[in-house]
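K.L.:
fold the following, please.
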Amino acid sequence: MPRAPPPGFYVLSAIALFIWFIIWTRDHATNQPMRGLNSISDPLKLKNQRPDSTVVAAEPLIETASLISPTSADVHGAAIAPKLGNETAKAELGRAAWKLFHTTMARFPENPTTEESAALKDYIHLFARLYPCGECASHFQQILKKYPPQVGSRNAAAQWACFVHNEVNVSKGKEIFDCKDIGDWYDCGCAEEGEDDKKDTLKDHEDLKVEIEREGLMNGG
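P.N.:
Next comes the predicted model:
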């Protein structure tokens, strides 16, 4: 007749089985993400795979890629920077910013493509939104709403920039700048531009009469 199992045999067996189950579960959970990552590197497997955690893991990459193309809300949103209380820093920032702003207009193509005009318009709105002085940025955005950027040509952009600069000067009680001299004040010093071309550009600035409010959506907006 077979001998009966020793006392505690069933208890020890149950404990061993429980420990084995815990170890197996832990290993399974640890290896699962690795299988998911491996499946991403194999496009053939991913194509025939049902929606699971692998697809979810790839979603942040798709969301990040979508941020590359700015939306209208990105370009025309509210000013980002906080208030800048230091008046000395504000004045220094303003001088440097206007130098960059006007030089950018002076370097813009005289006959830009549609894409180049759109890029400059977005740049102007982002310049206003990201300006490191919050109250200055908000004020300039209000001016842009009243006088939209004119980006149909270099001359139009330069004269428009001078006009809105004067709008800021008026609000601060400063002297109005004569826009026909804008080319002299913000000479880019570009080596590839010959003296004859530079004289022609300055003459164009003097002769151009830009109606800021009436130029329309084709060149501004």
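
K.L.:
past the helix or strand of the chain with the lowest mean pLDDT, which element shows up next along the chain?
P.N.:
Every helix and strand in the chain was compared by mean pLDDT, DSSP states H and E; the lowest is helix 53-66, with a mean of 47. Once helix 53-66 ends, the next helix or strand along the chain (criterion: DSSP states H and E) is helix 72-76.

K.L.:
with only the CA atoms kept, save that next one in PDB.
P.N.:
Extracted in PDB, the C-alpha atoms of helix 72-76 (Å, rounded to 0.1, in the frame of the first residue of the first chain):
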ATOM      1  CA  SER A  72      -3.200  80.200 -36.800                       C
ATOM      2  CA  ALA A  73      -3.500  80.100 -33.100                       C
ATOM      3  CA  ASP A  74       0.200  79.600 -32.700                       C
ATOM      4  CA  VAL A  75       1.000  82.700 -34.900                       C
ATOM      5  CA  HIS A  76      -1.800  85.000 -33.700                       C
END
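
K.L.:
who does that helix touch, helix- and strand-wise?
P.N.:
helix 114-130 (3 or more Cβ pairs under 8 Å, 6 or more residues apart in numbering; DSSP states H and E). C-beta here means a position set from N, CA and C on the backbone, and glycine is covered the same way.

K.L.:
for the helix it packs on, buried residues please.
P.N.:
Neighbour-count burial for helix 114-130 flags 117, 120, 121, 122, 123, 124, 125, 126, 127, 128, 129 (criterion: 16 or more other Cβ atoms under 10 Å).

K.L.:
ends of stretch 80-94, what's the gap?
P.N.:
17 Å (Cα to Cα, to the nearest Å).

K.L.:
what's the farthest-apart pair in the buried residues of helix 114-130?
P.N.:
Across these, no pair lies farther apart than 117 and 129, at 19.0 Å, counting by Cβ to Cβ.

K.L.:
just for the chain, where's the confidence low?
P.N.:
Scanning the chain with the threshold set as pLDDT under 70 gives 1-70, 183-221.

K.L.:
show me where it has helices.
P.N.:
Ranges of helices within the chain are 9-40, 43-47, 53-66, 72-76, 87-106, 114-130, 134-146, 154-171, 182-185, 195-207, based on DSSP state H.

K.L.:
and the fifth one with helix 154-171, angle?
P.N.:
Which is helix 87-106. Using axes from the mean of the first three to the mean of the last three Cα atoms, to 10 degrees, the inter-axis angle of helix 87-106 relative to helix 154-171 is 160 degrees.

K.L.:
show me what helix 87-106 is packed up against.
P.N.:
Checked by 3+ Cβ pairs under 8 Å, 6+ apart, helix 87-106 has helix 114-130, helix 154-171, helix 182-185 packed alongside it.

K.L.:
how near is residue 107 to residue 81?
P.N.:
Using Cβ to Cβ, to the nearest Å, residue 107 is found at 25 Å from residue 81.

K.L.:
and residue 75, by the same measure?
P.N.:
For residue 75, the distance to residue 81 - Cβ to Cβ - is 16 Å.

K.L.:
got phi/psi on the closest residue in space to residue 170 that isn't next to it in sequence?
P.N.:
Using Cβ to Cβ, 6 or more residues apart in numbering and skipping residues adjacent in sequence, the residue nearest residue 170 is residue 176, 7.0 Å away. Residue 176 adopts backbone torsions of phi -80, psi 140, taken as degrees, to the nearest 10.
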